[in-house]
Every structure is written in C-alpha cells, then in structure tokens.
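Peer 1: only the shape, not the letters, is given here:
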C-alpha cells in the first residue's frame, strides 16, 4: 500500500472489522452504521472490495463455514491493515484539527471532533 489516502469504501470496510471479525452482511451493516447511512454497499461491490483487500493483505479470512449449503467467510483486519488504518485515522484527525483551526472553531464547536485530542481518540 502506498502513502495515498484510502478511498472511503476501503476506509469504511477496514473500520468495520477493526474491532472484531465479521462476515460480509455484517460488514455491510457496519459500513452503513459508521457512515450514518450515507454508504450502502451492494453485494457485488462489497465482495469485490473484500477480494482486493485480501490480495493487498489488509484483511485476512478469519473463519470459513458452510451455512445452508453456502460458504460463509468472516474477515478480520490483518496486521498490515491495522497499520494502514491507524495511519489513515491519524491523517484524517490531523486534517480535521487543521480545518477547525483555520475556521477559528474549537473542537467542541464541530460535531464529530469531540474525542480528538493531540491525535489520540478518547471515549
């Protein structure tokens, strides 16, 4: 992976599995939740992206099982994917802080920036 920013679908998929392995349908649901409904992944798009992310070693197959005669895989964030996602989260946070600074706003005045402090995310 290079130093370019992640495309939003890739960012959302990696984020969706950052805390726990998930199967395709659960990933699609998490992507929609994380994006607050802005992104709805179609089945073909999602599975194409998952195959690409597997090839790039950003994700790994966590488990495979047969359910109702169909193969069902769950996917987990691979170590390289964790590094890439952490770097992207840091880049986004730095950009958001700079935009906030240039707008002359405090973090509390900008929805979505709460919890960011000196590059660390707090609960």
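Peer 2: Great, that's in hand. Note that the structure is a prediction, hence the values are computed from the model and not measured.
Peer 1: quick check: buried residues in stretch 11-21?
Peer 2: By 16 or more other Cβ atoms under 10 Å, the buried positions in stretch 11-21 come out as 11-18, 21. Quick note: C-beta positions are derived from backbone N, CA and C, even for glycine.
Peer 1: just checking, what packs against whatever helix or strand residue 73 lives in?
Peer 2: Taking DSSP states H and E as the definition, residue 73 sits inside strand 70-77. Contacts defined by 3 or more Cβ pairs under 8 Å, 6 or more residues apart in numbering; DSSP states H and E place strand 70-77 against strand 22-23, helix 24-34, helix 43-55, strand 59-67.
Peer 1: list the contacts for residue 6?
Peer 2: 14, 84-85, 88 (Cβ atoms under 8 Å, 6 or more residues apart in numbering).
Peer 1: helix, strand or coil for the spatially most central residue of the chain?
Peer 2: Closest to where the C-alpha atoms of the chain average out (Cα atoms, centre = their mean) is residue 15, at 2.3 Å. Assigned with DSSP: H, G, I helix; E, B strand; the rest coil, residue 15 falls in the helix class.
Peer 1: that one and residue 85 touch, don't they?
Peer 2: Yes - using Cβ atoms under 8 Å, residue 15 makes contact with residue 85 at a distance of 6.7 Å.
Peer 1: what is in contact with these two at once?
Peer 2: Overlap of the contact sets of residue 15 and residue 85 (by Cβ under 8 Å, 6+ apart) is empty.
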